[in-house]
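**Student:** coords please:
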Amino acid sequence: MNAVLESIKTRRSIRKYKPDMVEQEKINQIVDVGLCAASGMNQQEVKIIVVTNKDLRDRLSAEKAKFDGLYDGADPFYGAPVVLVVVADKGFVDYVYDGSLVMGNLMLAAHALGVGSCWICRAKETFQKPEYQEILKSLGITGNWEGIGYCILGYPNGDVPNIPRKANRVYYID
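**Tutor:** Numbering: from 1, shown residues only. As a prediction, this is how the structure comes out:
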């Protein structure tokens, strides 16, 4: 089978990570491939914020835990040391789709480089809060941006799950 197709078929979400930091070169490659995602009318109005700062990573994780009603100290980022925050400009009609395509590319690129990943929700709710809007502003990201998702990255701690795909999900009309 073609290597690209095989990689797409074997990618799985990882929910347990080693504390080892992902090499900067790999992070850069993953981000670069993420930004190569298709976008409506080629607007390319999606940005990625790379978070390797442990304090901010832990704050984002705590916010996610609060939104989900998890116990204090829970880590919904599963110990992953890197968080890629995908945000998109709400001024474009396809912003959610464009951001979702970036998320998909990020996860596929990570898998191709031997890095585990998982899409984590609640970036939208977190980045609506004023203190997180300030983080965007401090980076020079101004306007009406919405969090699409968190792509957590790290090295899997344990076996990668081999979850079979469900059957009967395709219908043909000839």
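**Student:** ok, and V160, which helix or strand is that part of?
**Tutor:** V160 belongs to no helix or strand when assigned by DSSP states H and E.
**Student:** residues in contact with it?
**Tutor:** Taking CB atoms under 8 Å, 6 or more residues apart in numbering as the criterion, V160 is in contact with R12, I14, G116. All C-beta spots, glycine's among them, are computed from the backbone N, C-alpha and C.
**Student:** and the residue nearest to the last one when sequence neighbours are not counted, how many neighbours does it have?
**Tutor:** Right, G116. Among residues not flanking G116 along the chain, I14 sits closest, at 3.3 Å (CB to CB, 6 or more residues apart in numbering). Residue neighbour count, defined by other CB atoms under 10 Å, stands at 25 for I14.
**Student:** can you tell me how far I14 sits from A38?
**Tutor:** Here I14 is placed at a distance of 25 Å from A38 (CB to CB, to the nearest Å).
**Student:** E134 now?
**Tutor:** Going from E134 to A38 by CB to CB gives 31 Å.
**Student:** higher neighbour count, the two?
**Tutor:** More neighbours surround A38 than the other of E134 and A38, with 13 against 10 (other CB under 10 Å).
**Student:** longest single helix anywhere in this structure?
**Tutor:** Secondary structure of the chain read by DSSP state H shows that its longest helix is helix 95-112.
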